[in-house]
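In: Structure for the following, please:
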Amino acid sequence: MKIAITAMGPDLEARVDPRFGRAAFFLIVDTETQQFEVIDNTVNVNAAGGAGTRSAECVVTAGARHVLTGDVGPKAQRGLQAGGVGVTTGLGGTCREALEAFQAHAAE
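Out: Predicted coordinates:
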């Protein structure tokens, strides 16, 4: 399964970005292979409006089935739900730690 992690940097050692729509990067991680692609979200970081909706579209288009982040606004949440993407909020620490916690919980 592919998951998207909001990240402050372009790798798994970066901190989880607490914002979904204006996250600096999305790490799209294949949970089976641990391989990931980096999506630079600069266009939405500086957007005057609509960042959450456009970020949701980006994540859905990338094929993610779940998002790990700090927080998601209501418009982004609706966009993710419409795309069949689950969301886990309230995360901090590194992206690697968030990924490991997600996988440990999924294995239960």
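
In: buried stuff in the lengthiest helix in the chain?
Out: Ranked by residue count, the top helix of the chain under DSSP state H comes out as helix 95-107. Residues of helix 95-107 classed as buried: 95-96, 98-99, 102 (neighbour count, 16 or more other Cβ atoms under 10 Å). (Glycine included, C-beta is placed from N, CA and C.)

In: How about residues contacting the strand or helix carrying Val43?
Out: Per DSSP states H and E, Val43 falls inside helix 42-45. For helix 42-45, contacts defined as Cβ atoms under 8 Å, 6 or more residues apart in numbering pick out 21-24, 51, 54-55, 58.

In: okay, now the nearest residue to Arg54 once chain neighbours are set aside: neighbour count?
Out: Spatial nearest neighbour of Arg54, chain neighbours left out: Asn44 (5.4 Å); criterion: Cβ to Cβ, 6 or more residues apart in numbering. Burial of Asn44, expressed as a neighbour count using other Cβ atoms under 10 Å, amounts to 21.

In: Next one, pLDDT for the closest residue to Gly90 other than its chain neighbours please.
Out: Among residues not flanking Gly90 along the chain, Gly70 sits closest, at 6.9 Å (Cβ to Cβ, 6+ apart). On the pLDDT scale, Gly70 is placed at 96.

In: pretty sure Gly70 is touching Gly21, no?
Out: No: using Cβ atoms under 8 Å, Gly70 is not in contact with Gly21, being 11.2 Å away.

In: Pick out whichever of these two has more residues nearby.
Out: Shown here are Gly70 and Gly21; by other Cβ under 10 Å, Gly21 has more neighbours (25 against 17).

In: okay, stretch 38-52 in PDB with CA atoms only?
Out: Extracted as PDB, the C-alpha positions of stretch 38-52 are listed here (Å, rounded to 0.1, in the frame of the first residue of the first chain):
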ATOM      1  CA  VAL A  38       9.300  12.800  -2.900                       C
ATOM      2  CA  ILE A  39       6.700  15.300  -4.000                       C
ATOM      3  CA  ASP A  40       7.800  19.000  -3.500                       C
ATOM      4  CA  ASN A  41       4.700  20.900  -2.300                       C
ATOM      5  CA  THR A  42       6.200  24.400  -2.600                       C
ATOM      6  CA  VAL A  43       3.400  25.600  -4.900                       C
ATOM      7  CA  ASN A  44       0.900  25.000  -2.100                       C
ATOM      8  CA  VAL A  45       3.100  26.200   0.800                       C
ATOM      9  CA  ASN A  46       2.900  29.700  -0.700                       C
ATOM     10  CA  ALA A  47      -0.700  29.500  -2.100                       C
ATOM     11  CA  ALA A  48      -3.100  32.300  -1.200                       C
ATOM     12  CA  GLY A  49      -5.900  29.800  -0.900                       C
ATOM     13  CA  GLY A  50      -7.000  26.300  -1.800                       C
ATOM     14  CA  ALA A  51      -3.800  24.600  -0.600                       C
ATOM     15  CA  GLY A  52      -5.600  21.800   1.200                       C
END
